[in-house]
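[1] just a sequence and a predicted model for now, questions to come.
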Amino acid sequence: MNQGPIKYVQVDYWNYWWCVYSTGREFSPPHWAECSLTDDVSGETPFFHFDLYNLHELRHMIREQDFIQPDHPDYPAFLRRAETLERGEADFFIGALYYKDFTPDLAFCNQPLSPDRTLTELHSPPLSPHYAVLFLAEERPLTPEVLPHWLTRLARPLFGQDFTALLSRVPTPEEAAASWQSEQS
């Protein structure tokens, strides 16, 4: 199903592929994915970065207190959001957003100052996030078939545009096994 332009999903973390192919004995199907969306198949033009978690992993994180500690002020809101996913009342929720640092150039630093516009009024411009942690209302593992489906589905609600998300590269089971062996040596 093509919905406008294409964004490419880059999964460059071998742990994901080891889970996909059950490369090591301790690996289960992928219940999480760290990935980037890019405007080009080679991954040179970044669009956005994600950590995605399904319901299985969300339950695990709550049980193990991995994401938010119970004494954190956001913990009750986090649990309420998790419950909305469990009940099927939402498709996703955003657990965290990350922003790049703003470092002004000399032109910004040397704007004309006056009694009406002082140094303390040179505010940084509003920044957009570049990375999000999303929890999905998904029971299935986030396999190479499920992952692009979710990123395509979330295009409009997250970015206000339609696009089709396609995996840019799917390593072979042999490549994953070779990577696993290399990591073990």
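    Received the coordinates, thanks. Numbers count the residues shown, from 1 in each chain.
[2] quick one, helices of this structure?
    14-20, 55-64, 75-86, 106-109, 146-153, 155-159, 173-184 (DSSP state H).
[3] can you tell me the centre-most residue of the chain?
    residue 50 (1.0 Å; CA atoms, centre = their mean).
[4] the helices of the chain: which one's closest to residue 119?
    Among these, the nearest to residue 119 by CB to CB is helix 106-109 (9.5 Å). Where C-beta positions appear, they are placed from N, C-alpha and C, glycine not excepted.
[5] what residues sit buried inside the closest one?
    Neighbour counts over helix 106-109 (16 or more other CB atoms under 10 Å) mark no residue as buried.
[6] on contacts alone, who are the packing partners of that helix?
    Helices and strands touching helix 106-109, by 3 or more CB pairs under 8 Å, 6 or more residues apart in numbering; DSSP states H and E: there are none.
[7] and the pLDDT at residue 168?
    As predicted, residue 168 sits at a pLDDT of 96.
[8] ok, now residue 2?
    At residue 2, pLDDT is 50.
[9] go on, residue 124?
    Note for residue 124: predicted pLDDT of 84.
[10] now swap in residue 113 and tell me
    On the pLDDT scale, residue 113 is placed at 88.
[11] report how many residues lie close to it.
    11 (other CB atoms under 10 Å).
[12] cool, residue 53 as well?
    Count around residue 53 with other CB under 10 Å applied: 23.
[13] how about the one 4 residues further on?
    Residue 57 has 22 neighbouring residues, counting by other CB under 10 Å.
[14] how close does the closest residue to it other than its chain neighbours get to residue 171?
    In space, and not counting its chain neighbours, residue 57 is closest to residue 31: 3.9 Å by CB to CB, 6 or more residues apart in numbering. Residue 31 is 19 Å from residue 171, where distance means CB to CB, to the nearest Å.
[15] higher neighbour count, those two?
    residue 31 (21 against 17).
[16] per-residue confidence for that one?
    97.
[17] tell me how far the helix or strand of the chain at the bottom of the mean pLDDT ranking lies from the chain's centre.
    The weakest-scoring helix or strand in the chain, judged by mean pLDDT, DSSP states H and E, is helix 106-109 (a mean of 86). Mean-position distance between helix 106-109 and its chain equals 33 Å (CA atoms, centre = their mean, to the nearest Å).
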